[in-house]
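Asks: what's the 3D shape of this:
(2 chains)
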Amino acid sequence: MRHLLSVADLDATAATALLDTSDRLRQALLGREVRKLPTLRGRTVITMFYENSTRTRVSFEIAGKWMSADTVNVSASGSSVSKGESLRDTALTLSSMGADCVVVRHPASGAAHRLAGWMDRGNETTGTHTSIVNAGDGTHEHPTQALLDAATLRERLGGIAGRRIGIVGDVLHSRVARSNVLLLATLGAEVVLIAPPTLLPVGVEQWPCRVGHELDPELPALDAVMMLRVQAERMHGGFFPSAREYAIGYGLSEARAALLPDDAPILHPGPMVRGMEIAPAVADAPSSAVLQQVRNGVHVRMAVLYHLLAGAPE
Amino acid sequence: MSRDSMSSLLITNARPYGEDPVDVLVTDGVVTSIGTGLDAPSDADTLDAGGAVLLPGFVDLHVHLREPGGEESETIETGSHAAALGGFTAVFAMPNTDPVADSAVVVEHVRRRGEEIGLVDVHPVGAVTVGLGGERLAEMGTMAASRAQVRLFSDDGRCVNDPLIMRRALEYASSLGVVIAQHAEDHRLTGGAQAHEGAVASRLGLSGWPASAEETIVARDCALARDAKAALHVCHISSARTIDVLRTAKAAGVRVSAEVTPHHLLLTDGRLTGYDPVNKVNPPLRTAEDTRAMREALAEGVIDVVATDHAPHAAQYKDTEWSAAKPGMLGLQTALSVLVETMVEPGLLDWHGVARVLSERPAEIGGLPDQGRPIAEGEPATFALVDPDAQWTVRGAALASRAANTPYEGMRLPGSVVATILRGRITVRDGKVQA
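Replies: Coordinates of the predicted model:
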């Protein structure tokens, strides 16, 4: 694995290997007093975030630190980025400083692909190698989110193949949904997207999943449900009439959560809009996997850095 | 005129419209004789066509020469070179320059620069609205009456989105005998759009440009043009369903014409995987179904002409992430080859058809009396000579434009322009510009 740009680049074997490594790392760290593995000592990981993010950036940073990598965080404000330097120049500059891995979040779909292309061409002349990890590019993908969701589902359900997973909400603008649909389908799950037509992209009918507009009839047959975040600006874009009507149709209320089979986990990539997307009591219920997702995020990102920088274990 | 000052050119072994080879004698820019075994005056220049296909010089209703204001991407000089090398003898330069060509001063400057360079007739297109702002009509009458004799008006790059402004523009244009060329895109439906709305864009997470944003404007404008009894030209149509709208309007007698670009005949949104902005263009590359429909409609005549929408952008505007890149691609030097690939080789157009869509109809729409003429005695010697059997590999760096990025990079294409002649003057010979 040279870069992690899209989960489409992972076949079932490669994805499973990452999840297995993640599990092993979790076990290795369990109960340790000093949570530090020497695996990536001397390697440099730069996180380059062009969008505000707390959880993903911190998660990558912790993942790097627990593996003894040197981690450096660059944010768009306060760096040359805000002075109008192109993404290409910024990336090549960081690469020339010796970054082994650049973790990038960018508002433009495809930004990670472009970076990887520039790095590969630049590296050809210098003989070095810089891996790119896509930490969210526009409305395209968020591969490590899908991997941490898969790790969580595997932990909760014992496996993914043959399970029916519902993904609810703003699919149109969601990189989490795109990555999850692809990865879960690759791992053999049956995916159902549930959203109003305004929040589904034209062309979704060609994705490897089923699409529905009504939540209640789907819930009893789901093995797990994943709620997506609805950004505040969508409420003013004519995608749905009001937060209230959205909550009535697609919010996971207590009554609605009761329609799920017992023990069906409830996932949310966060940050949650309590009340609208998910009732507070549901978010804090034992079936909620939200904090487990966050915990797995660190292990999955450790696994990704490990596979990229040290090579996948045989 | 005295015998001494007359210039003669004898073109030998040329095949008009791909027919039997003949010699063509040109005197002072006019065809004086067509036949076999013609004798040339002793001082005549000669051009051995080597059996190449002789066509009327190409006329492009839609180019961006970027001057004034965008000289890092193209100039009238480099654009004229590219045009001549592509077999073009007249081009219409769109007004989205800086300053915008919305006044007599700017259009006259563009026209004069074209004449100074002298490789191709450069006809400035005037803006429909001041500053392309879509709010106030530009001084179309003044531009039409200026030395530049503007015959085509467009806000290209922007749609004249306000239906009332479009209505007034068409009404006003009808009295001037000029044409409004519309960039058909309802901006309310394409806010933030990055790619054709469909399966590919949904997977790539690129905001969609729905085909309906084109179809609805074309339908609206056809109704407005009908009522105004005005001439409407639709730029770069890209959606299969727009063709149905055009067919209906034409059948009802609306004075509407339409163009398709070479890239919308050949390239599809499948190329977007990988996010290289050389493929970013507006309107966007659409599906294989759309390209097929474009080809059929061009053959049928529902689409009147091929226009390149030659839109160079310097590297810094393309070597970026997708959403930051500017839309547009080079077109002048690849147009003929793309037409051979998509229309001639599959048997959809013969060489008369190529002359129709690349020269005769565009000259008619653009109001050029001395372009797109038949190859006959007494007609202007304005030609493109095409080697239909040539094969070449596109290298952006080898093209004449200032910008070198092109989606055709590395592509092997059939057919090449070996010579271009503008009113008896050889502007391109053996594929090289004759300065």
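Asks: let's see the host helix or strand of residue A:245 as PDB, backbone CA atoms only.
Replies: Here residue A:245 sits within helix A:243-250, counting by DSSP states H and E. The C-alpha coordinates for helix A:243-250 follow below in PDB (Å, rounded to 0.1, in the frame of the first residue of the first chain):
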ATOM      1  CA  ALA A 243     -35.000  20.800  11.400                       C
ATOM      2  CA  ARG A 244     -38.300  19.700  13.000                       C
ATOM      3  CA  GLU A 245     -39.600  18.000   9.900                       C
ATOM      4  CA  TYR A 246     -36.200  16.400   9.400                       C
ATOM      5  CA  ALA A 247     -36.200  15.100  13.000                       C
ATOM      6  CA  ILE A 248     -39.700  13.700  12.500                       C
ATOM      7  CA  GLY A 249     -38.700  11.800   9.300                       C
ATOM      8  CA  TYR A 250     -35.100  10.800   9.900                       C
END
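Asks: remind me, longest helix of the chain?
Replies: Picking chain A for this. When secondary structure is assigned using DSSP state H, the longest helix within chain A turns out to be helix A:290-309.
Asks: other chain: chain B
Replies: helix B:212-228.
Asks: does chain A sit close to stretch B:404-421?
Replies: No: taking CB under 8 Å from any CB of the partner chain as the criterion, stretch B:404-421 and chain A are apart, separated by no less than 13.7 Å. Quick note: C-beta positions are derived from backbone N, CA and C, even for glycine.
Asks: how many other residues sit next to the closest residue to chain A within the stretch 51-200 of chain B?
Replies: Distances from the stretch 51-200 of chain B to chain A, computed as CB to the nearest CB, single out residue B:199 as the nearest residue at 3.8 Å. Residues contacting residue B:199 under the criterion other CB atoms under 10 Å in any protein chain shown number 18.
Asks: so which helix or strand takes in the spatially most central residue of chain A?
Replies: With distances taken as CA atoms, centre = their mean, residue A:145 lies nearest the centre of chain A, 1.6 Å away. Counting by DSSP H and E, the secondary-structure element that holds residue A:145 is helix A:143-157.
Asks: quick one: that helix to helix A:290-309, angle?
Replies: 120 degrees (axes from the mean of the first three to the mean of the last three CA atoms, to 10 degrees).
Asks: by contact count, what packs against helix A:143-157?
Replies: Applying 3 or more CB pairs under 8 Å, 6 or more residues apart in numbering or on different chains; DSSP states H and E, we find helix A:143-157 packed against helix A:12-29, helix A:55-66, strand A:131-137, helix A:175-186, strand A:224-227, strand A:266-267, helix A:290-309.
Asks: among those, which comes closest to chain B?
Replies: Among these, the nearest to chain B by CB to the nearest CB is helix A:175-186 (6.1 Å).
Asks: and the contacts of that closest one?
Replies: Applying CB atoms under 8 Å, 6 or more residues apart in numbering or on different chains, the set of residues contacting helix A:175-186 from outside is A:6-8, A:10-12, A:15, A:136-143, A:145-147, A:149-150, A:153, A:160, A:165, A:167, A:170-171, A:191, A:193, A:207-209, A:226, A:228-229, A:269, B:203, B:205.
Asks: next one: it to chain centre, how far?
Replies: The offset between the C-alpha centroid of helix A:175-186 and the centroid of the whole chain comes to 9 Å, using CA atoms, centre = their mean, to the nearest Å.
Asks: list the contacts of stretch A:275-291.
Replies: Outside stretch A:275-291, the residues that touch it by CB under 8 Å, 6+ apart are A:152, A:156, A:169, A:227-230, A:243, A:246-247, A:250-254, A:257, A:260, A:263-268, A:270, A:272, A:274.
Asks: so, low pLDDT: which residues of the chain?
Replies: I'll assume chain A. Within chain A, the segments meeting pLDDT under 70 span A:77-83, A:312-314.
Asks: oops, I was thinking of chain B
Replies: Looking at chain B by pLDDT under 70, you get B:1-6.
Asks: quick check: residues of it near chain A?
Replies: Contact residues of chain B with respect to chain A, defined by CB under 8 Å from any CB, are listed as B:194, B:197-208, B:210, B:274-276, B:316, B:319-324.
Asks: mind running it again at 6 Å?
Replies: With the criterion set to CB under 6 Å from any CB of the partner chain, chain B comes near chain A through B:197-199, B:202, B:205-206, B:208, B:275, B:319, B:321-323.
Asks: for residue B:52, which non-adjacent residue is spatially closest?
Replies: Closest residue to residue B:52 apart from its sequence neighbours, by CB to CB, 6 or more residues apart in numbering or on different chains: residue B:385 at 4.5 Å.
Asks: report the beta-bridge partner residues of the one you found.
Replies: On the basis of DSSP bridges, residue B:385 is bridged to residue B:54, residue B:419.
Asks: any idea how far chain A is from it?
Replies: Computed with CB to the nearest CB, to the nearest Å, the distance linking residue B:385 and chain A is 39 Å.
Asks: which ones are touching that residue?
Replies: Neighbour list for residue B:385: B:49, B:52, B:54, B:418-419 [criterion: CB atoms under 6 Å, 6 or more residues apart in numbering or on different chains].
Asks: and if we set it to 7 Å?
Replies: Residue B:385 is in contact with B:14, B:49, B:52, B:54, B:418-419, counting by CB atoms under 7 Å, 6 or more residues apart in numbering or on different chains.
Asks: same deal with residue B:174?
Replies: B:228-230.
Asks: sec struct for it, please.
Replies: The assignment at residue B:174 comes out as helix when based on DSSP: H, G, I helix; E, B strand; the rest coil.
Asks: quick revisit: widest-spaced pair of the residues of chain B next to chain A?
Replies: Farthest apart among the residues of chain B next to chain A by CB to CB are B:199 and B:319. That separation is 27.2 Å.
Asks: how about the secondary structure of residue A:120?
Replies: Three states are possible here, and by three-state DSSP the one that applies to residue A:120 is helix.
Asks: circling back: does the residue nearest to the centre of chain A touch residue A:269 like I think?
Replies: Yes: here residue A:145 reaches residue A:269: they are 5.7 Å apart, a contact under CB atoms under 7 Å.
Asks: what about the residue lying closest to residue B:340 once chain neighbours are set aside, which helix or strand?
Replies: Residue nearest to residue B:340 in three dimensions, not counting chain neighbours: residue B:415, with 3.5 Å by CB to CB, 6+ apart. Using DSSP H and E, the secondary-structure element containing residue B:415 is strand B:412-422.
Asks: distance from the chain centre to that strand, please.
Replies: Between the mean C-alpha location of strand B:412-422 and the chain-wide mean there is a distance of 16 Å, by CA atoms, centre = their mean.
Asks: what's it packed up against?
Replies: Based on contacts counted as 3 or more CB pairs under 7 Å, 6 or more residues apart in numbering or on different chains; DSSP states H and E, the elements that strand B:412-422 packs against are helix B:335-339, strand B:383-393, strand B:425-429.
Asks: good, wrapping up.
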